[in-house]
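Trainee: For reference, the sequence and a predicted model appear below.
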Amino acid sequence: MPVSVNERAMRLIEWGIEHSEELGILKEKHQAGATVLDLGIRARGGFLAGKFMTEVCLGNLGKASITHMAYDDIVLPSVYVETDFPAIATLGAQFAGWQIKTHNYFAMGSGPARALALKPKELYQKIGYKDTFDNAAIALEASKYPTKEALEYIAGECEVPLANLYVLIAPTSSMTGSVQISGRIVEAGIHRLTEIGFDPKKILYGCGYAPIAPIHPDTGQAMGRTNDAISYGGAVFYSVDFEDDAKLKELVHRAPSSTSKDYGRPFFETFKAADFDFYKIDPSIFAPAVFAVNNVRTGVTHTSGRINAQLLKQTMELLST
């Protein structure tokens, strides 16, 4: 029987509730009946909460570690992520592929609950996965608690009772939010490879790191920084089983963010120039800065891309004294 990302995530959520004080999170029972875990709105949150949220989003099929990395002459806190179940953990769970949209609430949904609702369905067809479990765990990137209508919509799409719905929520402009977005580094690379034609089921193992963006109080600026952390500071490594090394080399060459026509300026500026419409932005910018892909059939590792420390300094306002 295939592994259940919701079942595994619930084990971690139960642990998180038990250790809520040290994680800096608040557990609240919504009037609709769902359980809401606040990781950064009213709650303090932090590095540990961001690590916790990242691992729940991965369906508890990957690990996140808080570390620090040098990006040329600057050192930044960073998150390192690893998984031995790359397609299911990232595309099957972590990918922020579900727009939670009701008449009075909007948030981007990610995490294991997507595998119950099949959001988006075509992605689950590509990885050949569907979850079945009686509890649903979803993560929302938002600055407001979900409404009753939004919770009812999520539970309905997942086909679980409201009492069995667990919602993790953190705003982008929080430490938890910054950690968990950079914690999508491995997923960002796998999604990019999938978009340009690589079969994600051929990825055997994946790991990667990205800087944790310093907090900005403005949601738009925070979103810009967190995207830039991956696009200009993120690096990934994958082991794959692929029959055509020449084709693999070509795909890896096309994968990094530096191939995008929107590369070279802070994401917030690009987003603003596009009238804050994601669909007007070249999707290839949503990719790690550096790729290294090892083909286990041949032993060859193909690499591409580069870290752009100057852009990181600019977008994160790292001022020398």
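Mentor: Arrived safely. The structure displayed is predicted, hence computed values, not measured ones.

Trainee: burial measure for the closest residue to Lys201 other than its chain neighbours, as a count.
Mentor: Closest residue to Lys201 apart from its sequence neighbours, by Cβ to Cβ, 6 or more residues apart in numbering: Ala87 at 5.5 Å. From N, CA and C alone the C-beta is placed, and that goes for glycine too. Using other Cβ atoms under 10 Å, the number of residues around Ala87 comes to 23.

Trainee: my guess is Ala87 meets Leu123, correct?
Mentor: No. Ala87 is beyond contact range of Leu123, at 9.8 Å (criterion: Cβ atoms under 8 Å).

Trainee: Find the centremost residue of the chain, please.
Mentor: Centroid check for the chain by Cα atoms, centre = their mean gives Arg184 as the closest residue, at 3.0 Å.

Trainee: what's the spacing between the closest residue to it other than its chain neighbours and Thr147?
Mentor: Among residues not flanking Arg184 along the chain, Gln94 sits closest, at 6.2 Å (Cβ to Cβ, 6+ apart). According to Cβ to Cβ, to the nearest Å, Gln94 and Thr147 sit 24 Å apart.

Trainee: Which positions in the helix or strand hosting Ser178 come out as buried?
Mentor: Ser178 belongs to helix 175-182 when elements are defined using DSSP states H and E. Residues of helix 175-182 classed as buried by neighbour count (16 or more other Cβ atoms under 10 Å): 175-182.

Trainee: what do you get for stretch 83-95?
Mentor: Those would be 83, 85-95, for stretch 83-95 by 16+ other Cβ under 10 Å.

Trainee: okay, those in CSV with pLDDT, distance to Gln314 and secondary structure next?
Mentor: Below are these laid out as CSV (pLDDT from 0 to 100; distance: Cβ to Cβ, whole Å; DSSP: H, G, I helix; E, B strand; the rest coil):
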residue, pLDDT, distance to Gln314, secondary structure
Thr83, 98, 31, strand
Phe85, 98, 36, coil
Pro86, 98, 32, helix
Ala87, 98, 34, helix
Ile88, 98, 36, helix
Ala89, 98, 32, helix
Thr90, 98, 29, helix
Leu91, 98, 31, helix
Gly92, 98, 35, helix
Ala93, 98, 33, helix
Gln94, 98, 28, helix
Phe95, 98, 28, coil
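
Trainee: Tabulate these (a markdown table), appending distance to Phe52.
Mentor: Output for the buried residues of stretch 83-95, formatted as a markdown table (distance: Cβ to Cβ, whole Å):
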| residue | distance to Phe52 |
| --- | --- |
| Thr83 | 16 |
| Phe85 | 19 |
| Pro86 | 20 |
| Ala87 | 23 |
| Ile88 | 20 |
| Ala89 | 15 |
| Thr90 | 17 |
| Leu91 | 21 |
| Gly92 | 19 |
| Ala93 | 15 |
| Gln94 | 14 |
| Phe95 | 18 |
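
Trainee: And the furthest pair within those residues?
Mentor: Farthest pair in the buried residues of stretch 83-95 (Cβ to Cβ) is Phe85 and Phe95. Separation: 13.7 Å.

Trainee: wait, doesn't Thr176 sit right on Ile41?
Mentor: No. In this structure Thr176 lies outside contact range of Ile41 using Cβ under 8 Å: 9.5 Å.

Trainee: list the residues that contact both of these two?
Mentor: Common neighbours of Thr176 and Ile41 (criterion: Cβ atoms under 8 Å, 6 or more residues apart in numbering): Ala170.

Trainee: and stretch 12-21, average pLDDT?
Mentor: Taken as a whole, stretch 12-21 has a mean pLDDT of 98.

Trainee: Also stretch 210-219?
Mentor: Stretch 210-219 shows a mean pLDDT of 97.

Trainee: In it, which residues are buried?
Mentor: By neighbour count on 16+ other Cβ under 10 Å, the buried set for stretch 210-219 is 210-214, 216.

Trainee: Closest to Gly24 out of those?
Mentor: Distances from Gly24 to the buried residues of stretch 210-219, taken by Cβ to Cβ, are shortest for Ile212, at 15.7 Å.

Trainee: could you measure the nearest residue to Ile88 once chain neighbours are set aside against Glu18, distance?
Mentor: Spatial nearest neighbour of Ile88, excluding adjacent residues (Cβ to Cβ, 6+ apart): Tyr129 at 5.5 Å. The gap separating Tyr129 from Glu18 is 29 Å, by Cβ to Cβ.

Trainee: Trp98 too?
Mentor: Distance from Trp98 to Glu18, by Cβ to Cβ: 28 Å.

Trainee: now Ile154
Mentor: Going from Ile154 to Glu18 by Cβ to Cβ gives 24 Å.

Trainee: more neighbours, those two?
Mentor: Set Ile154 next to Glu18 and count neighbours by other Cβ under 10 Å: Ile154 wins out with 27 against 10.
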